[in-house]
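Q: Sequence plus predicted model, see below.
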Protein chains: 2
Amino acid sequence: MNIPKSSFPRVIIIGGGFAGIALAKKLSKQEVQVVLLDKHNYHTFQPLLYQVSTGGLEPDSIAYPIRKVLQDFPNFFFRLANVSEINTDNNHVITNIGELKYDYLVVASGSKTNYFGNKSIKENSMEMKTIPQSLNLRSLILENFEEALLTSDLNERNALMNFVIVGAGPTGVELAGALAEIKKGILPKDYPDLDTRLAQINLIQSGDKILKAMSTKASKKAEDFLEDLGVHVWKNIRVTGYDGKTVTTNSDLTFDAATVVWAAGVKGAAIKGIDAEQFVTRGNRIIVNEFNQVKGLDNIFAIGDVAQMETEAVPSGHPMMAQPAIQQGKLLGENLLKLLENKPMKPFVYNDKGSMATIGRNKAVVDLPKFKFQGVFAWFVWMFVHLFFLIGFRNRMVVFINWVYNYIRFDREARLIIRPYKKELKS
Amino acid sequence: MNIPKSSFPRVIIIGGGFAGIALAKKLSKQEVQVVLLDKHNYHTFQPLLYQVSTGGLEPDSIAYPIRKVLQDFPNFFFRLANVSEINTDNNHVITNIGELKYDYLVVASGSKTNYFGNKSIKENSMEMKTIPQSLNLRSLILENFEEALLTSDLNERNALMNFVIVGAGPTGVELAGALAEIKKGILPKDYPDLDTRLAQINLIQSGDKILKAMSTKASKKAEDFLEDLGVHVWKNIRVTGYDGKTVTTNSDLTFDAATVVWAAGVKGAAIKGIDAEQFVTRGNRIIVNEFNQVKGLDNIFAIGDVAQMETEAVPSGHPMMAQPAIQQGKLLGENLLKLLENKPMKPFVYNDKGSMATIGRNKAVVDLPKFKFQGVFAWFVWMFVHLFFLIGFRNRMVVFINWVYNYIRFDREARLIIRPYKKELKS
């Protein structure tokens, strides 16, 4: 890879998510050469992917060109690359566009869907971790409605209008709520010739609580909101398989459904070279110390979802969310500069700002460290916070306009099958 | 295809472009059953596709769900279908989702790219008639810049940054202008490590005039604008082939280029069953009388780009543009109702409202029937007219905001490779 030589030490960052971008910004005007590698040329605002899948937002408004984030910074290089391996002996990374030496390496490669080894689910269900995946889901949902019109077999039509979402974390809950709103507000108008009562939204949770990372109050209220919207919430049910037609569970319960979204597990996206047992947890997250330093590798760090910091305060690591990622990225930026000046690094302390989820219009739950609230005000807080963290003025404007429009008109206009997901509509 | 039986006569419309939508709206509240078939579930505002290809607009803001256009109308049915054949003997259409009988059939299938039989160009060049095609071009342009960074072979880098646009109609001119603005405003900031002077934009026209359908004044001024922007305009040069590496012409001139856009020809998208010699012109447009009725087939009509009305006033048919399509769609709506009431139909008279093209910021040319003007005011007129004809309030708002943002910031933020066009970046 032809990156110009520099007299400054080279920091390679793998991944332009929340953690990688926060770190790169901190390092941007310092005496280091920064090389950021990502397989996409854009940063994805993952918390709003479910709105892309459900036609509420265009994909381009929650993506932001990585080159633009760091446009004005000297000593900064971006390369569109897929890192396949890290050679820790020779300090270089191996990618599809060649190899590159590092002085310091920061793994910020995020997380990926965890199917816990279940092949049938992996092959037949949809995931929603990237923009292309979210667009695939958007296409599939719309294609299934179109196909439901074509069949006179009631079982088939039922299955085409049956949605199963596995996992009731924020992603599952928000997606279920959005689908319920589509069922209520859009289906009857768009498909007057379909009995839209057939559309079922099933949210399945293996434990006895939805939004399990949140307070009991938030969890209960979210469940009430979902039930108000007509979502079937199934708790204490574990999905065991999906052959493309039928979802099986650990009980007698089965679901014939054409759309199954797997939101029940994530794992760290550790990279070959530091993915051996000594480096990673069972969830494939890289074990780091309180400076985000990888165990036994002084010049390699991991931040964000892929990192698991096992300290007394958080024996099982921080939650895989934007906030720890941003905070770790920022602190590591400061710490790398300290390291270069031979000053002692500062240990990471997570500042938990709380968590939130939205279920539908005027329906959200917010847990702040000191206050917990639900309903209309929570919903406005949720929107404000998401707009605030979105990167780019244009993105904020476009998202804001879409939200105002969707709110006033009970609508979601990006219901477009731009790239069909199924190869061809069956006759 | 299971469309409910109706006591009203059934009108099948093939295609949800400008013509088909205008017709469907006219028929919406009348005593006819309307079935609209399209292979996309959205209407595409084709005049702005070049802005999608160049990252100025998100695709979702120039697309509009067809179901939504006609949401409130009874007796209206939409089906996502690809029509493969028309059986004129039995009055039915054959599609990938089954067959359907019609009482009246309206072919509004538009146009497609005409390669004039040149296979090498067809296989290796890009076209820009649909949203997926425009997104492919957007990806390819960005992928080529990324790849240009990777090579140390100067010839290869030149080719990756060399753009050849064949055909200097509005599409070619507008695309060339937009690329020139990217070269000037975005490349130097995004790719500080690339010598962006290497980026060349070549616009090739077989005749001696660009924008040949417009006035000489508009054509000349457009050429001046393009040259100001650094576009190389080649006239009286005919492109003869493109093997994926080198564009050959009928002169000694050749171009080594990785991005070639073919905007030099369109043909009617006539459908099997009425595509025999007796029905179509050499350009594959269906020959119709002044009522848009297909020759010899009383209950079949063609409107828009696919129709060629050969009257004394326009011996070679109307231009393949939005205006004739919209006007024909509207009039046919009225005429079909007249036909049902056994009243005489009204012949079509094209009301030429003029034509326009934009080259870049503050640079456009407008030919109205009574005035011709160029420059800043023309540019504002161009924007206003395009916003006006765009379907949907939300689309207008989002496009407007993007334009204001792009104007103030000299920017185009949708430079995202969401679906890579090349299979994989070469190492």
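A: Here it is on my side, so go on.

Q: Write out the residues of the stretch 1-150 of chain A neighbouring chain B.
A: A:1-2, A:4, A:40-42, A:58-61, A:63-65, A:67-68, A:71-72, A:74, A:77, A:79-81, A:96-98, A:131-132, A:135, A:142-143, A:146, A:149-150 (CB under 8 Å from any CB of the partner chain). Every residue, glycine included, has its C-beta placed from N, CA and C.

Q: Buried ones among those residues?
A: Using 16 or more other CB atoms under 10 Å in any protein chain shown as the burial test, those include A:1, A:40-42, A:58-61, A:63-65, A:67-68, A:71, A:77, A:79-81, A:97, A:131, A:135, A:142-143, A:146, A:149-150 as buried.

Q: Which ones among those residues lie within strands?
A: If you go by DSSP state E, these have A:42, A:63-65, A:77, A:79-80 in strands.

Q: Could you export the residues you listed as TSV, including distance to A:Ile121 and pLDDT?
A: Below are those laid out as TSV (distance: CB to CB, whole Å; pLDDT from 0 to 100):
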residue	distance to A:Ile121	pLDDT
A:Tyr42	28	98
A:Ala63	27	97
A:Tyr64	32	96
A:Pro65	34	96
A:Phe77	39	95
A:Arg79	34	97
A:Leu80	31	96
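
Q: Tell me the span between the first and last residue of stretch A:209-216.
A: The first and last residues of stretch A:209-216 sit 8 Å apart, counting by CA to CA, to the nearest Å.

Q: make that stretch A:292-302, sorry
A: 6 Å.

Q: and that stretch, which residues are buried?
A: So, applying 16+ other CB under 10 Å, buried residues of stretch A:292-302: A:292-294, A:297, A:299-302.

Q: Nearest to chain B among these?
A: Nearest to chain B among those, counting by CB to the nearest CB, is A:Ile300 at 23.8 Å.

Q: For the one helix or strand A:Leu336 maps to, buried residues please.
A: Element membership for A:Leu336, per DSSP states H and E: helix A:322-340. By 16+ other CB under 10 Å, the buried positions in helix A:322-340 come out as A:322-333, A:335-337, A:339-340.

Q: And it, what does it pack against?
A: For helix A:322-340, the packing partners by 3 or more CB pairs under 8 Å, 6 or more residues apart in numbering or on different chains; DSSP states H and E come out as helix A:18-27, strand A:104-107.

Q: starting at the chain centroid, how far to the shortest one?
A: Okay, so that is strand A:104-107. 22 Å (CA atoms, centre = their mean, to the nearest Å).

Q: How about the first one?
A: The chain centroid and the centroid of helix A:18-27 are separated by 18 Å under CA atoms, centre = their mean.

Q: Give the rounded mean pLDDT of it.
A: Mean per-residue pLDDT for helix A:18-27: 97.

Q: So in that sheet, which strands flank the helix or strand following it, and in what orientation?
A: Under the assignment DSSP H and E, the closest C-terminal helix or strand after helix A:18-27 is strand A:33-38. According to DSSP bridges, strand A:33-38 forms sheet pairs with strand A:10-14 (parallel), strand A:76-80 (parallel).

Q: Contacts for strand A:33-38, please.
A: A:3, A:6, A:8-16, A:20, A:24, A:27-28, A:66, A:70, A:73, A:75-81, A:83, A:93, A:95, A:100, A:102 (CB atoms under 8 Å, 6 or more residues apart in numbering or on different chains).

Q: what does stretch A:266-284 give?
A: Residues contacting stretch A:266-284 (CB under 8 Å, 6+ apart): A:14, A:83-88, A:107, A:109-114, A:129, A:285-287, A:294-297, A:300, A:302, A:305-308, A:317, A:320.

Q: how far away is A:Gly185 from A:Asp411?
A: 7 Å (CB to CB, to the nearest Å).

Q: And for A:Glu123?
A: 34 Å.

Q: In terms of neighbours, single out the busier of those two.
A: When A:Glu123 and A:Asp411 are compared for neighbours, A:Asp411 comes out ahead with 22 against 11, by other CB atoms under 10 Å in any protein chain shown.

Q: where are the low-confidence patches of chain A?
A: Along chain A, the parts satisfying pLDDT under 70 run over A:423-427.

Q: any chance you could map the helices in it?
A: Using DSSP state H, the helices found in chain A span residues A:18-27, A:49-53, A:66-69, A:119-124, A:131-148, A:154-160, A:170-185, A:187-190, A:216-228, A:322-340, A:376-389, A:393-409.

Q: most neighbours per residue, which of those helices?
A: helix A:49-53 (a mean of 27; mean count of other CB atoms under 10 Å in any protein chain shown).

Q: How far off centre is that helix?
A: For helix A:49-53, the distance to the chain centre is 10 Å (CA atoms, centre = their mean).

Q: Can you tell me what sits against that helix?
A: Outside helix A:49-53, the residues that reach it (CB under 8 Å, 6+ apart) are A:57-59, A:62, A:128-131, A:133-135, A:137-138, A:141, A:171, A:174-175, A:178, A:414.

Q: same thing but at 7 Å, please
A: Outside helix A:49-53, the residues that touch it by CB atoms under 7 Å, 6 or more residues apart in numbering or on different chains are A:57, A:59, A:62, A:128, A:131, A:134-135, A:137-138, A:171, A:174-175, A:178.

Q: Would you agree A:Lys422 is in contact with A:Asn144?
A: No - using CB atoms under 7 Å as the test, A:Lys422 is too far from A:Asn144 to be in contact (8.6 Å).

Q: Could you verify my assumption that A:Ile94 touches A:Ala81?
A: No - counting by CB under 7 Å, A:Ile94 stays clear of A:Ala81, with 10.0 Å between them.

Q: which residues do the two both contact?
A: In contact with both A:Ile94 and A:Ala81: no residue, using CB under 7 Å, 6+ apart.

Q: number of nearby residues for the residue of the stretch 201-350 of chain A found nearest chain B?
A: Sorted by distance to chain B under CB to the nearest CB, the residues of the stretch 201-350 of chain A start with A:Ala258, at 15.6 Å. A:Ala258: 22 surrounding residues under other CB under 10 Å.

Q: Get me the contact residues on the stretch 301-427 of chain A for chain B.
A: Residues of the stretch 301-427 of chain A lying near chain B by CB under 7 Å from any CB of the partner chain: A:392, A:394, A:397-398, A:401-402, A:405, A:413-419, A:424-425, A:427.

Q: can you list the domains in chain A?
A: A:10-39+A:81-113+A:266-340, A:119-264+A:361-409 (automatic domain parsing).

Q: okay if I get those domains as a markdown table plus distance to B:Ile274?
A: Shown next, in a markdown table, are the domains of chain A (distance: least, CB to CB, whole Å):
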| stretch | distance to B:Ile274 |
| --- | --- |
| domain A:10-39+A:81-113+A:266-340 | 48 |
| domain A:119-264+A:361-409 | 25 |
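
Q: hang on, the earlier thing: of the strands paired with strand A:33-38, which stretch is the most buried?
A: strand A:10-14 comes out most buried of these by mean count of other CB under 10 Å, with a mean of 26.

Q: How far does that one sit from its chain's centre?
A: Using CA atoms, centre = their mean, the offset of strand A:10-14 from its chain centre is 23 Å.

Q: Next, the angle helix A:322-340 makes with it.
A: Orientation check (axes from the mean of the first three to the mean of the last three CA atoms, to 10 degrees): strand A:10-14 against helix A:322-340 gives 160 degrees.

Q: quick one: strand A:10-14 to helix A:18-27, angle?
A: 160 degrees.

Q: what about stretch A:195-208, start to end distance?
A: Start and end residues of stretch A:195-208 are separated by 32 Å (CA to CA).
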